[in-house]
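Q: structural data only, the sequence is not supplied:
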């Protein structure tokens, strides 16, 4: 048995044995109470009782009874409310912050200076939130609070907190050559954010992050221009082996180095095939869907990618490489430069075309939402982006234009993400019962835990519940098309579509990268990001670095690409017809 607390202090901290015993106690005793604990102390008391009971069973050689108690305790603390009380709850933290701000404002407006001070100081002690300074200075509701004698101290504290955690003091304007100190500081900021926030650290890739940092510092201290510097930061982040941790935005003057051609391609069975020509003037050069990209600037497509596409732009999954690296990255280069592509028709006739990088003024872009009827009573809804804040409204408008339907095919194969809200909005119209998403995690850092010998934990995030739409309910079959360019928030929605049973996923395995990133401003005006959240299926299936396998796979063939066919949509339409025929 573990010694009592009187023998626990080693150098001013609890011993490892007592820490272990305390952790076990916390994970055990929750099963003993059938009532949800109101405060952490209640939970702790219940856990202590469970620990004693389990030990008594073990002392009586009742191993089965002891295991039953331990199992029940572990199940209870794996879900709300026990889990939230143990690990913390950011939703509750946010709600408390709002409440304390309102309380302080109201007390100030009634002349209760001491009460207002107490509430607002408590709010600041908890960290506050980014918009609080704006509210304090600008909102009429906070007027009396902002006029109080304590307001200058609060404003100063909030500016310091914002500067430290959000408004980076290291942001600087673009110059063709950044000063040495700015280059070093930018790399240090990326290192720090990933070291303390990256949810995948220690779980994926082989990089020793501190060694990567040291090596990058050594390189960026050499003479270099800003373009070289940003490529070093890209290489640094690439070692995290995470497609949501990268330089997501170059400074405007540097974007000329990543100009492309409005031409989509795809690699299948070792062949790179043109899948879309997104410019009439490009089509006028004889570039057509179904042509094979035989060579670029005299090199076979695969060798061109290996030698000339920056490796730090690489992606983690093979399906994402086939659809993205060979889809659009192979055209990248300096704006205004010309690449020569040798293209082969299905009949074997070859032609060489000169393709200018950038400057395609007639290039088309996919709208966020597209809708049309495929067949009598079968609608098609393409959700090409979740990045437009109007997407939910656009979905409603598109559904209205489709009219009365017997079945719907939703296409997210070109959707690289944004916010999941619009996808949830549509799926809620097909739900018959609420669904709770529980498998979401974030990185965490607690100084005292490290001081006691603990490692950085990953903590569960609050449950998310999607409920049936209170106004619109649709009861016809729903097919959800996914593919290797379905990424980020679109993958999260695809997982929800499958888990809720609202839809059947059809097509190919998704990109394999999702999760909320934190944005890291860089010297010179660029922006990096580091992933701080992971989502999984409720049954624990991981799709980061893997992708989501469709419930009904429909592979894309080389022959189909050469013929310019959309085999996934064709197969989905045939499947929908079968479903509808079975309902008659």
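A: Perfect, I can see it now. On a predicted model such as this, the values are computed, not experimentally measured, just so you know.
Q: what sits against residue 475?
A: residue 430 (CB atoms under 8 Å, 6 or more residues apart in numbering). For every residue, glycine as well, the C-beta is placed using N, CA and C.
Q: ok, it to residue 408 distance?
A: Between residue 475 and residue 408 the computed distance is 11 Å (CB to CB, to the nearest Å).
Q: and the residue lying closest to residue 345 once chain neighbours are set aside, backbone torsions?
A: Using CB to CB, 6 or more residues apart in numbering and skipping the chain neighbours, the partner closest in space to residue 345 is residue 291 (5.9 Å). Main-chain torsions, residue 291, degrees, to the nearest 10: phi -70, psi 150.
Q: likewise the one 10 residues further on?
A: Dihedral angles phi and psi of residue 301 (degrees, to the nearest 10) take the values phi -50, psi -40.
Q: phi, psi of the closest residue to it other than its chain neighbours?
A: Spatially, and ignoring its direct neighbours in sequence, residue 301 is nearest to residue 272 (4.3 Å; CB to CB, 6+ apart). Per-residue torsions, residue 272: phi -100, psi 120 (degrees, to the nearest 10).
Q: state the pLDDT value of residue 272.
A: At residue 272, the pLDDT value in this model is 96.
Q: quick one: it from residue 366, how far?
A: For residue 272 relative to residue 366 (CB to CB), the value is 21 Å.
Q: please identify which of these two sits among more neighbours.
A: More neighbours surround residue 272 than the other of residue 272 and residue 366, with 25 against 13 (other CB atoms under 10 Å).
Q: strands of the stretch 301-450 of the chain, start to end?
A: For the stretch 301-450 of the chain, the strands defined by DSSP state E, counting those that start in this stretch occupy 338-344, 350-356, 369-375, 378-383, 407-411, 435-437, 440-443.
Q: and the ones you listed, which one is worst for confidence?
A: strand 440-443 (a mean of 86).
Q: wait, what's in contact with residue 554?
A: Contacts of residue 554 (CB under 8 Å, 6+ apart): 506, 507, 508, 567, 568, 571, 572.
Q: who wins for neighbours among the residues you listed?
A: Top of the contacts of residue 554 by neighbour count (other CB under 10 Å): residue 507, with 30 neighbours.
Q: what mean pLDDT does stretch 305-314 get?
A: 91.
Q: and the contacts of it?
A: Here stretch 305-314 makes contact (CB under 8 Å, 6+ apart) with 231, 234-235, 237-238, 246, 296-297, 299, 321, 325-326, 329-330, 332.
Q: now swap in stretch 563-570 and tell me
A: Under CB under 8 Å, 6+ apart, the answer for stretch 563-570 is 289-290, 346, 380, 409, 411, 413, 481, 483, 506-508, 554-557, 560.
Q: tell me the mean pLDDT over it?
A: If you average the pLDDT over stretch 563-570, you get 96.
Q: for that stretch, which positions count as buried?
A: For stretch 563-570, burial by neighbour count (16 or more other CB atoms under 10 Å) applies to 566, 567, 568, 569.
Q: over to stretch 504-514?
A: Going by neighbour count (16+ other CB under 10 Å), the buried part of stretch 504-514 is 504, 505, 506, 507, 508, 509, 510, 511, 512, 513, 514.
Q: for these, which one is nearest residue 189?
A: residue 513 (22.7 Å; CB to CB).
Q: give me the element that closest one is part of.
A: Residue 513 belongs to no helix or strand when assigned by DSSP states H and E.
Q: who touches it in this structure?
A: 242, 243, 244, 315, 316, 317, 320, 487, 488, 491, 544, 545.
Q: can you tell me which of the residues you listed is nearest residue 390?
A: Nearest to residue 390 among these, with distances taken as CB to CB, is residue 488, at 18.6 Å.
Q: which residues does that closest one contact?
A: Contact analysis of residue 488 by CB under 8 Å, 6+ apart lists 244, 416, 417, 418, 511, 513, 514, 515.
Q: with residue 177 instead?
A: 224, 225, 226.
Q: kindly recompute the last result at 7 Å.
A: With contacts defined as CB atoms under 7 Å, 6 or more residues apart in numbering, residue 177 is in contact with 225, 226.
Q: just the pLDDT at it, thanks.
A: You'll see residue 177 listed with a pLDDT of 98.
Q: that one sits in which helix or strand?
A: Here residue 177 sits in a region with no helix or strand, counting by DSSP H and E.
Q: residue 527 - nearest residue in space that isn't next to it in sequence?
A: Leaving aside its sequence neighbours, residue 527 sits nearest to residue 249 (CB to CB, 6+ apart; 4.1 Å).
Q: the one you found touches residue 526, doesn't it?
A: Yes: assessed by CB atoms under 7 Å, residue 249 is found in contact with residue 526 at 5.8 Å.
Q: of those two, who's got more company?
A: residue 526 (24 against 16).
Q: the more buried one is in contact with residue 248, isn't it?
A: No: in this structure residue 526 lies outside contact range of residue 248 using CB under 7 Å: 8.5 Å.
Q: hang on, the earlier thing: which among the contacts of residue 513 count as buried?
A: Applying 16+ other CB under 10 Å to the contacts of residue 513 flags 242, 243, 244, 315, 316, 317, 320, 487, 488, 491, 544, 545 as buried.
Q: so the residue most central in space within the chain is in which element?
A: For the chain, the residue sitting closest to the mean C-alpha position, by CA atoms, centre = their mean, is residue 515 at 2.0 Å. Residue 515 belongs to no helix or strand when assigned by DSSP H and E.
Q: buried residues, stretch 143-150. List them.
A: 144, 145, 146, 148, 150.
Q: can you tell me how far the fourth one is from residue 101?
A: Read that as residue 148. From residue 148 over to residue 101 (counting by CB to CB), the distance is 14 Å.
Q: likewise for the third one?
A: In this structure, residue 146 lies at 12 Å from residue 101, with CB to CB as the measure.
Q: residue 185 now?
A: 33 Å.
Q: ok, those two, which is more surrounded?
A: residue 101 (23 against 18).
Q: pretty sure that one sits in a strand.
A: No: counting by DSSP: H, G, I helix; E, B strand; the rest coil, residue 101 is not part of a strand but helix.
Q: ok, now which ones touch it?
A: Shown in contact with residue 101 (CB under 7 Å, 6+ apart): 123, 132.
Q: with residue 396 as the reference, measure out to it.
A: 34 Å.
Q: shouldn't residue 107 be within a helix?
A: Yes: membership of residue 107 in a helix is supported by three-state DSSP.
Q: does it touch residue 117 like I think?
A: No: if you go by CB under 7 Å, residue 107 and residue 117 don't touch, sitting 8.5 Å apart.
Q: show the pLDDT at residue 69.
A: 75.
Q: residue 81 versus that one, what's the distance?
A: 19 Å.
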